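[1] give the three-dimensional model of this entry:
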Amino acid sequence: MLNSNPLQVNNLTVAYQKKPVLNAVSFVIPSGKLIGILGPNGAGKSTLLKAVLGLIPIVDGEVKIYGGSYREQRKNVGYVPQRESVDWDFPTNALDVVMMGRYGHLGWFRRPGASERKLATECLDKVGMKDYAGRQISQLSGGQQQRVFLARALAQNANLYFMDEPFAGVDATTEKAIIQLLHDLKNQGKTVLVVHHDLSTVREYFDHVILLNGDLVAEGPTEVTFTPENLQKTYGGRLALLQDFVTVPVGTVQ
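    Next comes the predicted model:
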């Protein structure tokens with residue numbers, strides 16, 4: 001039983017070549033939420049995920065996942081990286097990619113068996129990719145590749161998921177399928193953090209948001225955090241280009 005908060009970040013500071021990217025960021029994420037991580041390009045959104053997952057070094061601060069380190073809680077964590085960061089020419093098929101999601105449970109020296117293969121096939125079916133199980137990943141479209149990586153995350157059977165721009169470069173049908181899958185995960189009590197760019201869909205997709213621009217600008221329930229004031233603080237002058245996409249509910253003070 002996981003009694004602690006899924007994610008607690010305390011004074012997290014990350015720098016690239018001595019240039020700060022994240023500055024003393026702190027927040028606590030409640031369980032069972034679908035969370036959007038928002039901010040302009042270069043705000044540190046992907047850096048935040050990588051730092052939490054131990055993929056890049058941190059300068060200062062602490063990350064707790066269900067009260068422990070990522071290493072201790074690895075089995076409870078699923079990750080979908082940016083599609084652009086993946087070597088899609090690697091010679092493997094969709095089913096094998098999904099079965100890789102089971103290695104955290106099996107250990108690296110135990111090969112997946114029939115039960116893992118069955119689970120991987122079921123996960124591909126959930127994302128509409130069962131018929132492509134034997135297809136080389138290099139032969140799939142961008143949206144199909146993204147679905148395969150989502151299936152891999154499902155196969156991990158995690159409680160906390162990190163997804164880095166899962167909607168980037170996919171068609172409307174795939175985006176609809178992805179958001180339905182994310183809501184299904186949330187309805188199962190899972191917690192999902194998603195790096196996201198499209199402000200027009202934030203209120204529809206997420207019930208919790210993190211607004212980031214090097215510093216943490218705001219964090220909390222979407223209805224009280226995703227406001228014009230906080231967006232102005234996050235995006236600054238660039239918000240003028242986005243105003244047409246930001247819907248403000250009736251009664252919101254501007």
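
[2] and Gly32, that one's in a helix?
    No. Note on Gly32: no helix contains this position according to DSSP: H, G, I helix; E, B strand; the rest coil, which reports coil.

[3] which element is the spatially closest residue to it that is not a sequence neighbour on?
    The spatially closest residue to Gly32, leaving aside those adjacent along the chain, is Gly189, at 5.0 Å (Cβ to Cβ, 6 or more residues apart in numbering). Where C-beta positions appear, they are placed from N, C-alpha and C, glycine not excepted. When secondary structure is defined using DSSP states H and E, no element contains Gly189, which sits outside every helix and strand.

[4] tell me which residues touch Gly189, please.
    Contacts for Gly189 were tallied using Cβ atoms under 8 Å, 6 or more residues apart in numbering; they are Ser31, Gly32, Asn159.

[5] thinking the first one is in contact with Pro6, fair?
    Yes. At 5.4 Å, Ser31 counts as touching Pro6 under the criterion of Cβ atoms under 8 Å.

[6] check which helices and strands the host helix or strand of Val25 sits against.
    Under the criterion DSSP H and E, the helix or strand holding Val25 is strand 19-29. Strand 19-29 makes packing contacts with strand 7-16, helix 45-52, strand 60-65, strand 208-213, strand 215-221 when contacts are defined by 3 or more Cβ pairs under 8 Å, 6 or more residues apart in numbering; DSSP states H and E.

[7] next one: the host helix or strand of Tyr235 to chain centre, how far?
    The secondary structure element spanning Tyr235 is helix 228-235 (assigned by DSSP H and E). Centre-to-centre, helix 228-235 and its host chain are 22 Å apart (Cα atoms, centre = their mean, to the nearest Å).

[8] residues of it that come out buried?
    Asn230, Leu231, Gln232, Thr234, Tyr235 (16 or more other Cβ atoms under 10 Å).

[9] go on, stretch 173-181?
    For stretch 173-181, burial by neighbour count (16+ other Cβ under 10 Å) applies to Thr174, Glu175, Ala177, Ile178, Ile179, Leu181.

[10] what does it contact?
    The contact list for stretch 173-181 (Cβ under 8 Å, 6+ apart) reads 126-128, 143-144, 146-147, 150, 154, 166-167, 170, 205.

[11] and that stretch, what's its mean pLDDT?
    Regarding stretch 173-181, the rounded mean pLDDT is 88.

[12] same thing with stretch 78-93?
    On average, the pLDDT along stretch 78-93 is 79.

[13] what's the answer for stretch 55-65, then?
    Throughout stretch 55-65, pLDDT has a mean value of 94.

[14] likewise for stretch 191-198?
    Per-residue pLDDT values over stretch 191-198 give a mean of 94.

[15] buried ones in that stretch, by neighbour count?
    Along stretch 191-198, these residues count as buried under the neighbour rule (16+ other Cβ under 10 Å): Thr191, Val192, Leu193, Val194, Val195, His196, His197.

[16] quick check, nearest of these to Leu211?
    Comparing the buried residues of stretch 191-198 against Leu211 with Cβ to Cβ picks out His196 as the nearest, at 11.3 Å.

[17] doesn't Phe167 make contact with that closest one?
    Yes. His196 lies in contact with Phe167 (Cβ under 8 Å); the separation is 7.0 Å.

[18] can you map out the strands along the stretch 151-254 of the chain?
    Listed in chain order, the strands of the stretch 151-254 of the chain (DSSP state E, counting those that start in this stretch) span 160-164, 191-195, 208-213, 215-221.
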